[in-house]
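# coordinates for the following, if possible.
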Amino acid sequence: MRIFNQSPPSETETKKRILQAAQRLFARSGYDGTTTRDLAAAAGVAEGTLFRHFDNKKAILIEVATEGWVELLTDLLTELSEMGSYKAVAQVMRRRMLNIRENSDMMRVCFLEAQFHPDLRDRIQLEVIGKMTNVAEAFFETAMEKGVYRKMNPKIVAQVFLGMFAVAGFSQNTIMEPNASPQQMQEMAEGLADIFLNGVLLKDE
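Here you go, the predicted structure:
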């Protein structure tokens, strides 16, 4: 019986493998503790192949970070557009917690390495965080115009929301116990949403 060899991976598949390997290694060993030889071996490619796709190791770091953040931004945009009502914040928070848990390596790389690489920090700020703020600001401004939320500076509301979004993502490794149950994550999401929507002060009768 004749066995046919599998076709070699496409350039797109090879690049994706390099980025996935880089995300794992940077999260585990740090940027400085990872060599291009390590990256090539983990991706199953020659070092020359790696440099055919990326100019240097820094370019790989920046793409790992920005590509991951763009995926998170796209997910957030989708969820905001599909929100059943402007008050369905808890569901969005819970999905964010689950989603960021799945992207914990990427988040660890971003937050650790951005401290040491101003160009990475600037790229994330310009291409991702700024866009996320603008999208959330427009969302909340529309809600205010419809009378769902009280009138206030929508940009500040957007920044508070995104801050809670970050807390929701990291809570299972910081505020909450590791490997929190779905019920615990739901309670955290509902608590964040309740504070966001209603505050913590008792309302005057």
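# mean confidence score for the strand or helix carrying residue 134?
Here residue 134 sits within helix 130-145, counting by DSSP states H and E. Helix 130-145 comes out with an average pLDDT of 86.
# for that helix, C-alpha coordinates in PDB please.
Extracted in PDB, the C-alpha atoms of helix 130-145 (Å, rounded to 0.1, in the frame of the first residue of the first chain):
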ATOM      1  CA  GLY A 130      -7.100  53.100  22.500                       C
ATOM      2  CA  LYS A 131      -9.500  51.300  20.100                       C
ATOM      3  CA  MET A 132     -11.100  49.300  22.900                       C
ATOM      4  CA  THR A 133     -11.800  52.600  24.800                       C
ATOM      5  CA  ASN A 134     -13.300  54.200  21.800                       C
ATOM      6  CA  VAL A 135     -15.600  51.300  21.100                       C
ATOM      7  CA  ALA A 136     -16.800  51.000  24.700                       C
ATOM      8  CA  GLU A 137     -17.200  54.800  24.900                       C
ATOM      9  CA  ALA A 138     -19.500  54.800  21.800                       C
ATOM     10  CA  PHE A 139     -21.400  51.900  23.300                       C
ATOM     11  CA  PHE A 140     -22.100  53.600  26.600                       C
ATOM     12  CA  GLU A 141     -22.800  57.000  25.000                       C
ATOM     13  CA  THR A 142     -25.600  55.400  23.000                       C
ATOM     14  CA  ALA A 143     -26.900  53.800  26.200                       C
ATOM     15  CA  MET A 144     -27.000  57.200  27.900                       C
ATOM     16  CA  GLU A 145     -28.800  58.800  24.900                       C
END
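# got a list of contacts for that helix?
73, 76-77, 80, 86, 149-152, 154-155, 157-159, 161-162 (CB atoms under 8 Å, 6 or more residues apart in numbering). For every residue, glycine as well, the C-beta is placed using N, CA and C.
# elements contacting the lengthiest helix in the chain?
In the chain, taking DSSP state H as the definition, the longest helix is helix 57-82. Under the contact criterion of 3 or more CB pairs under 8 Å, 6 or more residues apart in numbering; DSSP states H and E, helix 57-82 touches helix 11-29, helix 36-43, helix 89-102, helix 104-113, helix 118-124, helix 130-145.
# ok, now with 10 Å
helix 11-29, helix 36-43, helix 47-53, helix 89-102, helix 104-113, helix 118-124, helix 130-145, helix 154-170 (3 or more CB pairs under 10 Å, 6 or more residues apart in numbering; DSSP states H and E).
# and the fifth one, what does it pack against?
With contacts defined as 3+ CB pairs under 10 Å, 6+ apart, helix 104-113 has these neighbours: helix 11-29, helix 57-82, helix 89-102, helix 118-124, helix 154-170.
# same thing but 8 Å
Against helix 104-113 (3+ CB pairs under 8 Å, 6+ apart) you get helix 11-29, helix 57-82, helix 118-124.
# what about residue 190, neighbour count?
Look at residue 190: counted by other CB atoms under 10 Å, it has 15 neighbours.
# so is it in a helix, a strand, or just coil?
helix (DSSP: H, G, I helix; E, B strand; the rest coil).
# so it is in contact with residue 92, correct?
No - using CB atoms under 8 Å as the test, residue 190 is too far from residue 92 to be in contact (11.5 Å).
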